[in-house]
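Engineer: Sequence below, structure please.
(2 chains)
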Amino acid sequence: GAVVSQHPSRVICKSGTSVKIECRSLDFQATTMFWYRQFPKQSLMLMATSNEGSKATYEQGVEKDKFLINHASLTLSTLTVTSAHPEDSSFYICSASQTPGPDPYEQYFGPGTRLTVT
Amino acid sequence: AQKVTQAQTEISVVEKEDVTLDCVYETRDTTYYLFWYKQPPSGELVFLIRRNSFDEQNEISGRYSWNFQKSTSSFNFTITASQVVDSAVYFCALSEAIGLVGSARQLTFGSGTQLTVLP
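Structural biologist: Numbering: from 1, shown residues only, chains lettered A, B, ... in the order given. The predicted structure follows:
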């Protein structure tokens, strides 16, 4: 159980276009999902916390108008990178917590989406 | 603010050697969880272990073992008899209590240690 999927796994887009990444919890409901970004040979950095039915909470330095997050259902959160530029090329990983639930400390990670902006 | 430090950026060992990956953390919470994840070249994070702040018992799982020392704020990870398949980046992470009881907690990751096991 507790599987999280991401789609697409890889995407290449042209500079100036927008790209949407989906994060789904397949067998549980996730009130909260987290979005992380990982540049090559670096650690995972939290971008934002996505709560179902409310606005996402962004970490300092993350542009909310550039990285649009929508968490419209208990099993789906989307991250849209708007007007992408080459510096947005990165590995984007989502995670989901089964909340409310017995174990809010447990996060289940998706397989990640590799974005390349040309 | 919470912080996780993995001072070893890269480690290279020969197969069958034992290797210890260090993790030091900082937190003001009394209740928190510590994690270790493995990230192979594919990129997908593989969960290895979770330990809560009230359980200082060391844990062994096959060739893996973890040493949690609250007195030194460390949570070190040892691989015994390393194998080539152990080559990956290993992340230590910390989750502390934020927000309402029962709400999800965010993770703070260390910078990771690239382990290379040579045949």
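Engineer: low-confidence ranges in chain B?
Structural biologist: Judged by pLDDT under 70, chain B has its weakly predicted residues at B:97-104.
Engineer: and it, which residues reach chain A?
Structural biologist: Taking CB under 8 Å from any CB of the partner chain as the measure of proximity, chain B contacts chain A at B:33, B:37, B:42-45, B:47, B:50, B:52, B:91, B:95, B:102-112, B:114. (Each C-beta comes from the backbone N, C-alpha and C, glycine too.)
Engineer: Which ones among those residues map onto strands?
Structural biologist: Per DSSP state E, strands hold the following members of the residues of chain B next to chain A: B:33, B:37, B:47, B:50, B:52, B:91, B:95, B:107, B:108, B:109, B:114.
Engineer: burial of the last one, as a residue count?
Structural biologist: Put plainly, it is residue B:114. The local packing of residue B:114 (other CB atoms under 10 Å in any protein chain shown) involves 15 other residues.
Engineer: hmm, back to that, show me how to select, in ChimeraX, the buried members of the ones in strands among the residues of chain B next to chain A.
Structural biologist: For the buried members of those, the matching ChimeraX selection, counting by 16 or more other CB atoms under 10 Å in any protein chain shown, is:
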select /B:33,37,50,91,95,107,108,109
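Engineer: Closest to residue B:82 out of the ones in strands among the residues of chain B next to chain A?
Structural biologist: Nearest to residue B:82, judged by CB to CB, of these is residue B:114 at 13.6 Å.
Engineer: That closest one is in contact with residue B:19, isn't it?
Structural biologist: No - counting by CB atoms under 8 Å, residue B:114 sits too far from residue B:19 to count as a contact (11.8 Å).
Engineer: list residues touching both of the two?
Structural biologist: Counting by CB atoms under 8 Å, 6 or more residues apart in numbering or on different chains, the contacts common to residue B:114 and residue B:19 are residue B:11.
Engineer: Against chain B, how distant is the residue most central in space within chain A?
Structural biologist: Centroid check for chain A by CA atoms, centre = their mean gives residue A:35 as the closest residue, at 3.6 Å. Using CB to the nearest CB, to the nearest Å, one obtains 11 Å as the distance from residue A:35 to chain B.
Engineer: Helix or strand: which one has that residue?
Structural biologist: For residue A:35, the element it lies in under DSSP states H and E is strand A:32-38.
Engineer: ok, now which ones touch the residue lying closest to residue B:105 once chain neighbours are set aside?
Structural biologist: When the adjacent residues along the chain are set aside, residue B:105 lies closest to residue B:95, with 4.3 Å between them (CB to CB, 6 or more residues apart in numbering or on different chains). Counting by CB under 8 Å, 6+ apart, residue B:95 makes contact with A:105, A:107, B:32, B:33, B:34, B:35, B:105, B:106, B:107, B:108.
Engineer: Residue B:14 against residue B:116, yeah?
Structural biologist: No - counting by CB under 8 Å, residue B:14 does not reach residue B:116; the two are 10.0 Å apart.
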